[in-house]
Structures are given as structure tokens and as C-alpha cells.
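Trainee: quick one: sequence plus predicted model below, questions after.
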Amino acid sequence: MPSPAPDNSKRAVFLRRSASTLGLWGVVAAGFASRWAWAYVGLIGVLTLIATVEYFRMLKAGGVKCFPRYGILLAAVYSAVLYWMLLATDHVAATGMDLTGAARLRIAALQEWFDGAAIFAALAGSFFLQLRYPIRGLEGLQTVASNLLGFVYLAFLFNFAARLVFLVPGPGEVPGAMVLLWMIAVTKFTDMGAYIVGSMIGKHKMIPHVSPGKTWQGFGGAIFFALLAGCGLYALFKEDMPNFATGLHVLGSWTHVIVLSIVLCLLAVVGDLAESVVKRSLNVKDSGAMLPGIGGALDLIDSLCFTAPVLYFYLKWMTP
């Protein structure tokens, strides 16, 4: 009697990954359909905290000394205060209050001050906690660096996705919703294209010492799928995208859409490889087991941590 195919075959992994992907898109669709601003930041906040917990669990499992309770608390406080600031500013705008240029500058300065204070707290707090322990070679520096990396990599970078929701003006309760959806689609289609094409025809390894499964054929599929998602969504929902007061479309033009899709694709690949560096350094396969076929929350948001900030800064640059 022939032995049954192993459970970790490509077919089984593909089916589990597909089921998890469909489930995730269902959750995202429900959030977007709600049109509630707090639902957007709530989902981002939950993923931020779960990913942070997974990060510190990986560090502990890899034998790296860290301060998980401080790191998780800082991520929670930072996210909560940031969301309060974003929602409060959005509420003021929703009431029809026309903020002056000086008021807008003060709000922007407050957010920048808050970001700087949070990064300072991540660094200084880690050093303060390390003072309780004796110095053993590089262990102290690794501990501080690991905690700082966890905050900047996850709580700080991923929350640019929340900032995108409130960055652009427009009609409706959540004017930046379509921009956020566009960014998520381009990023996740990049991952999907790399996986599908790489699994089917991938032969030439891309960076085998970091991620043995990544191939150049998969990279080509990632670019194609990113352009498919970016241009397809733009063509279908262009009228739902917000415009600036000058009439300038938030994504600029078709040229901007194509260039942005490619740039976000490249950053999504780098973000995925960045997490591979973390996992291979700690000798783990997945950050968690929350999503069959995908892994944990960190495996889900790794590429978004790199694409969300760049799209945010692009839109800030485009703002009249």
C-alpha cells in the first residue's frame, strides 16, 4: 500500500494558506463595510499587539534576553494614545470645524513630538531595566537593541497603516479607507504572486541564505500581481478615492499608480525578507500558529510594516 502524501506537501500548504487568506479578506471586508473609523484602528491595534507578543516569544525561545512586559506595554500605550489622537482629530473635522493652518501645524507637531517621545521611551526604558543586571559581554546591548527593534519594527512602523486612514481629506466617515485598501491589496497580492508563481515555476533562488523558498521567478510574479492589484483597484474604484481640495487625485495619476505599485512591491519583498532575517536568526519557522498556512500575526503584517510608511510619506509629500 502506498504511503499517504505528507501533510506538509505543497498542496496541503496551498489549501491551508488559501483558506486563511480568504478568511482574512473576509475580516478586512467586514471592517471596510462597517465604515467605522474605530473598527479600522481596532483591527490594526489587535494585530500590532499580537505581533509584538509573538516577537518577544520568539526572542525568549531563541535564548535572547529581553524585557517582554515592558515592550508589550509600550506598544499598547503607544497604539492607544496614537488612535485617540487620530480619532479626536477626525472627530473635529467631522463636526465641520475648519482648522486653521496654525492649528494643523500644532497637531502635526504634537504627533511628531509623541513619536519622538515613544522612541525615546523604548530606548531609555530598556537601558533603565538593563541597569538591574550585571554586564555579560554583548548581552546587555543585545537586550536593549532587541527591545528597541521590537517597538520600531512593529508598533511604530505598522501603525502608519492607521495614520493612512486619517491622512487624506474626502467625503464619508473614513475618507482614507480606499487608500488603505489599495495599499493592503498591492502588498498582499505581492506576497500572493511571489508564492503562487514561485511554487509553480520557481527554480532560481533569490537569496537562499536568508529565505531558501524565494526565487527570481516568484519575484517576477510578485511584480505582476502587484501591478494587477494596483491598476485594477484604481480603475474600478478611482471615483471612490479621495481628492485634495485642489482637485488633485490622492494617488496622482496612472503613472504614479504604476510606479507606486512597483515601489510597494519591492518594499513588500524586503519586508518579508526582513522577517526572514529575524526568524532565521532565532531559528524559528513561523512567528505563531494563528493562521494555518501563513503563520502568526507577524507573518501577516511583515510586508505592511515597510509599505505603509512609504505610502504615508508619499501622500504627505503630495498634500497641497
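Mentor: On my side now, so go ahead.

Trainee: what's the local residue count around the nearest residue to residue 158 once chain neighbours are set aside?
Mentor: Using CB to CB, 6 or more residues apart in numbering and skipping the chain neighbours, the partner closest in space to residue 158 is residue 305 (4.9 Å). For glycine as for every other residue, the C-beta is placed from the backbone atoms N, C-alpha and C. Neighbour count of residue 305, defined by other CB atoms under 10 Å: 27.

Trainee: export the host helix or strand of residue 305 as CSV, just CAs?
Mentor: Using DSSP states H and E, residue 305 maps to helix 304-318. Output in CSV follows, covering the C-alpha atoms of helix 304-318 (Å, rounded to 0.1, in the frame of the first residue of the first chain):
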residue,chain,number,x,y,z
LEU,A,304,2.9,46.0,5.6
CYS,A,305,5.4,47.4,8.1
PHE,A,306,7.5,48.5,5.1
THR,A,307,4.8,49.6,2.6
ALA,A,308,2.6,51.6,4.9
PRO,A,309,5.2,54.2,6.0
VAL,A,310,6.3,54.8,2.4
LEU,A,311,2.8,55.4,1.1
TYR,A,312,2.1,57.7,4.0
PHE,A,313,5.2,59.8,3.3
TYR,A,314,4.3,59.9,-0.4
LEU,A,315,0.8,61.2,0.4
LYS,A,316,2.3,63.7,2.8
TRP,A,317,4.6,64.9,0.0
MET,A,318,1.6,65.1,-2.4
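
Trainee: what does that helix rub up against?
Mentor: Applying CB atoms under 8 Å, 6 or more residues apart in numbering, the contact partners of helix 304-318 are 153-154, 157-158, 160-161, 163-164, 167-168, 179, 183-184, 186-187, 244, 248, 250, 252, 260, 263-264, 267-268, 270-271, 274.

Trainee: okay, buried residues for that helix please.
Mentor: 304, 305, 306, 307, 308, 309, 310, 311, 312, 314, 315 (16 or more other CB atoms under 10 Å).
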